[in-house]
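Participant: next come a sequence and a model predicted from it.
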Amino acid sequence: MRPDQLRKLLASVKAGKTPVGAALDALRQLPFEDLGFAKVDHHRELRTGSPEVIYGPGKTPQQVARIGQAVARRGHALLATRLEPLAAAALLLALPKAEHHVRARAVTLEGRPPLKKRGLVAVLCAGTSDIPVAEEARLTAELMGCRVDPHYDVGVAGLHRLLARMPGIRKADALVVAAGMEGALPSVVGGLTGAPLIAVPTSVGYGASFGGLSALLTMMNSCAAGVAVVNIDNGFGAGYLAAKIARR
């Protein structure tokens, strides 16, 4: 149950429109719903402002579908990440109105009612190969109620591509910048903007990139102030943090 829904329910009880017994039934599974193999945290949005997110790896397609149904029944926005094709298919079968984002390996379903958009997040990535991680960040920020402005393939190998986008990028309340290879893009963007910047190292690159470790270390040693760094390929974590900043 979302905070606005809980307020409406309590107001309805106060006004005598909803019997106490009916309100208790509505609240009975508010803290969490025990599915046997998972305890779905319906209380998370009340505590943190954002609903529980389904992390796909390690779960069977049937488990992903049942968790997704439990989340959607309460009117929460649904985000399922890192889904294998079979898990995505099972979730879409269970929730026909959900949307499959193939590049991001994610499935989304907007909450009821949709969140009013507040704050602007700009999501940048260095190259086309970084788009899956950037898309995960974009979807996360959108589901958390932010407007998102994507700027893809603007890496430092062709700096003019980035400079052409700077007027729009500077309007953002928070930035997510994803890059692989040497991971230089966040430092460049951080030196050209004043908004909080969350850097995402990606596992894109040749052997000496060590699966994203090279980009991670570059970003952690950035000479640009105001750059925070999340884990390798963690588009979700970056989008989540950026949305929390932007919505304030």
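Facilitator: It's in. Not measured: the values here are computed from a predicted model.
Participant: from here on, contacts and neighbour counts on C-alpha atoms
Facilitator: Noted.
Participant: what's across from residue 99 in the sheet?
Facilitator: Using DSSP bridges, the bridge partners assigned to residue 99 are residue 108.
Participant: neighbours of it, just the number please.
Facilitator: A total of 17 residues lie near residue 99 under the criterion other CA atoms under 10 Å.
Participant: now residue 37
Facilitator: Residues lying near residue 37 (other CA under 10 Å) number 9.
Participant: what secondary structure does it sit in?
Facilitator: Secondary structure, DSSP: H, G, I helix; E, B strand; the rest coil: residue 37 is coil.
Participant: can you say which helix or strand has the residue nearest to it when sequence neighbours are not counted in it?
Facilitator: Excluding the flanking residues, the one nearest residue 37 by CA to CA, 6 or more residues apart in numbering is residue 63, at 7.9 Å. Using DSSP states H and E, residue 63 sits within helix 61-73.
Participant: after that helix, which helix or strand is next?
Facilitator: Moving toward the C-terminus from helix 61-73, the next element (DSSP H and E) is strand 78-81.
Participant: show me what the next helix or strand after that next one is in contact with.
Facilitator: Per DSSP H and E, the first helix or strand lying C-terminal to strand 78-81 is helix 85-94. Under the contact criterion CA atoms under 8 Å, 6 or more residues apart in numbering, helix 85-94 has outside partners 56, 60-62, 64-66, 68-69, 98-100, 106-107.
Participant: helix 85-94: which residues count as buried?
Facilitator: 87, 88, 89, 90, 91, 92, 94 (16 or more other CA atoms under 10 Å).
Participant: among those residues, find me the one that's closest to residue 235.
Facilitator: residue 88 (18.4 Å; CA to CA).
Participant: surely residue 107 touches residue 96?
Facilitator: No - contact criterion CA atoms under 8 Å: residue 107 and residue 96 do not qualify, at 11.0 Å.
Participant: now do the helix holding residue 63 and helix 85-94, the angle between them.
Facilitator: 40 degrees (axes from the mean of the first three to the mean of the last three CA atoms, to 10 degrees).
Participant: ok now helix 61-73, how far from the chain's centre?
Facilitator: 18 Å (CA atoms, centre = their mean, to the nearest Å).
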